[in-house]
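Peer 1: sequence below, structure please.
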Amino acid sequence: MKLHCDVEVVSRRLPTLGMRNRGKGVRAVLSVCEQTPRSQLPGPPRACLLVSTLKDKRGTRYELKENIEQFFTKFVDEGKATVRLKEPPVDICLSKANSKHLKDFLSTVRLAHRGCGVNVQLSTLAPVKASEFEKFKTKMIITSKKDYPLSTSFPYSLEHLQTSYCNLVRVDMRMLCLKNLRKLDLSHNHIKKLPATIGDLIHLQDLNLNDNHLESFSVDLCQSTLQKSLRSLDLSKNRIRALPVQFCQLRELIILKVDDNELMQFPFKIGQLTNLRFLSAARNKLLFLPSEFKNLSLEYLDLFGNTFEQPKVLPVIKLQVPLTLLESSARAVLGKRIPYDSHSIPFHLCEDLDTAKTCVCGSFCLRSFIQGTANMNLHSVAHTVVLVDNMGGTEAPVISYFCSLTCYVNSTDTLK
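Peer 2: Prediction:
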């Protein structure tokens, strides 16, 4: 039985000698091998653990029977585990393994440690072939349809996969099994829809979907593990008309590119993207910027070629006096940060709360508000600003909301 993963063998004697381990794993093939042919010894075969690397194909052998001090499997679902041996006193640290294969392998090692019979075919002690290590590729770039693998699978160890100019109309589900993937480049294809299971790629940091046929970015992706991992997202040259409110839950985003789409507005909670530093949304159909845009702190901003409207002189007044029960309740829930979900209140009320507007005073309003617009110099939120138009302008209209007449009167200067 074999396992492909990264391995680091850490000697527990090094600290006593004032030495440190180098702290980096290497690609390896682990095998549970039979030390003595069954024909020569009665009973279950004695098994050992063989760790082979590209530099040492013959491998290093470790006795298993009654020789394991402890298993560390807290992160086994992430493809990580450690086997602590008694003799020699080393920790065999495993990482970047297929989680299912790792669990099966550890079960076999545990049986071998107990001296029980192993119900799998044990490997031989023969040197590992160099071809075994080809499965350890971490980067694959495919830039033509003829090179796209149809009959063979992608190496599960891939961390960077690019499949551009391959005429893909959907995301290949085989890609979604690559649990170590950190960068996925599907640019220059014909993809129309993204599967929600992209959110299962827990290490994905860079997603490039430039030049496809996308019309939306789903709420499911915004609420997946991408919230914690995604740093860079390129949606340029698609057909996206709107990004969902939940898009702003991708709070680890540093780079966002949405050039050459059909966006008419940003999500109004865009100010929650506190890590965002690079924002490019040139050549869309933006009419104005949301009020929370003022909360961004960017290094680079490009809004060239949008159809920004001139601020309206008169505000839009939608005040309700007295406030409805729904309005009062919504303001109380949001103001006191009371948690809510579709299990505690009806789903349509959750949507209302999710889309509540933020007043300039920091409180919230649902359907009772005053709406006004004013020009904002984009240099107030970005160090480098690409000109908004051919006239050299760096201003854009920002929409603001006021929960009461008092807030509007006190903030009149912001609308001049």
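Peer 1: centre of the chain to stretch 256-267, how far?
Peer 2: Distance of stretch 256-267 from the chain centroid (C-alpha atoms, centre = their mean, to the nearest Å) equals 20 Å.
Peer 1: neighbouring contacts of it?
Peer 2: With C-beta atoms under 8 Å, 6 or more residues apart in numbering as the contact definition, stretch 256-267 has outside contacts at 210, 232-245, 247-248, 273, 276, 278-290, 293, 302. Placement of C-beta: from N, CA and C, glycine included.
Peer 1: list only buried entries from those residues.
Peer 2: The neighbour-count criterion (16 or more other C-beta atoms under 10 Å) marks 210, 232-238, 240, 242-245, 247-248, 273, 276, 278-284, 286-290, 293, 302 among the contacts of stretch 256-267 as buried.
Peer 1: what strand or helix carries the residue nearest to Ser342 when sequence neighbours are not counted?
Peer 2: Distances taken as C-beta to C-beta, 6 or more residues apart in numbering put Cys350 closest to Ser342, at 5.3 Å, once the chain neighbours are dropped. Assessed by DSSP states H and E, Cys350 sits inside helix 347-354.
Peer 1: next one: Val29
Peer 2: strand 26-34.
Peer 1: for Gly393, report the pLDDT, please.
Peer 2: At Gly393, the predicted lDDT confidence score is 84.
Peer 1: ok, it touching Leu387?
Peer 2: Yes. The criterion here is C-beta atoms under 8 Å, and Gly393 meets it with Leu387 at 6.4 Å.
Peer 1: low-confidence ranges in the stretch 151-300 of the chain?
Peer 2: Within the stretch 151-300 of the chain, no stretch has pLDDT under 70.
Peer 1: now do the strands in it.
Peer 2: 160-163, 183-185, 206-208, 232-234, 255-257, 278-280, 298-302 (DSSP state E, counting those that start in this stretch).
Peer 1: redo these as a markdown table? Include distance to Cys116.
Peer 2: Converted to a markdown table, those look like this (distance: least, C-beta to C-beta, whole Å):
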| stretch | distance to Cys116 |
| --- | --- |
| strand 160-163 | 40 |
| strand 183-185 | 42 |
| strand 206-208 | 45 |
| strand 232-234 | 49 |
| strand 255-257 | 52 |
| strand 278-280 | 57 |
| strand 298-302 | 60 |
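Peer 1: looking at these, which is nearest to Val26?
Peer 2: strand 160-163 (18.7 Å; C-beta to C-beta).
Peer 1: what's the closest one in contact with?
Peer 2: 138-143, 148, 154, 172, 175, 178, 181-187, 189, 208.
Peer 1: helix, strand or coil for Thr406?
Peer 2: Three-state assignment for Thr406 (DSSP: H, G, I helix; E, B strand; the rest coil): helix.
Peer 1: hey, where'd the helices end up in the stretch 151-300 of the chain?
Peer 2: Assigned by DSSP state H, counting those that start in this stretch, the stretch 151-300 of the chain shows helices spanning 219-222, 226-229.
Peer 1: pull the distance from the last one to the chain's centre.
Peer 2: Going back to what we said before, that points to helix 226-229. Centre-to-centre, helix 226-229 and its host chain are 4 Å apart (C-alpha atoms, centre = their mean).
Peer 1: what does that helix contact?
Peer 2: Ile198, Gly199, Leu201, Ile202, His203, Leu204, Gln205, Leu207, Gln249, Leu250, Arg251, Glu252.
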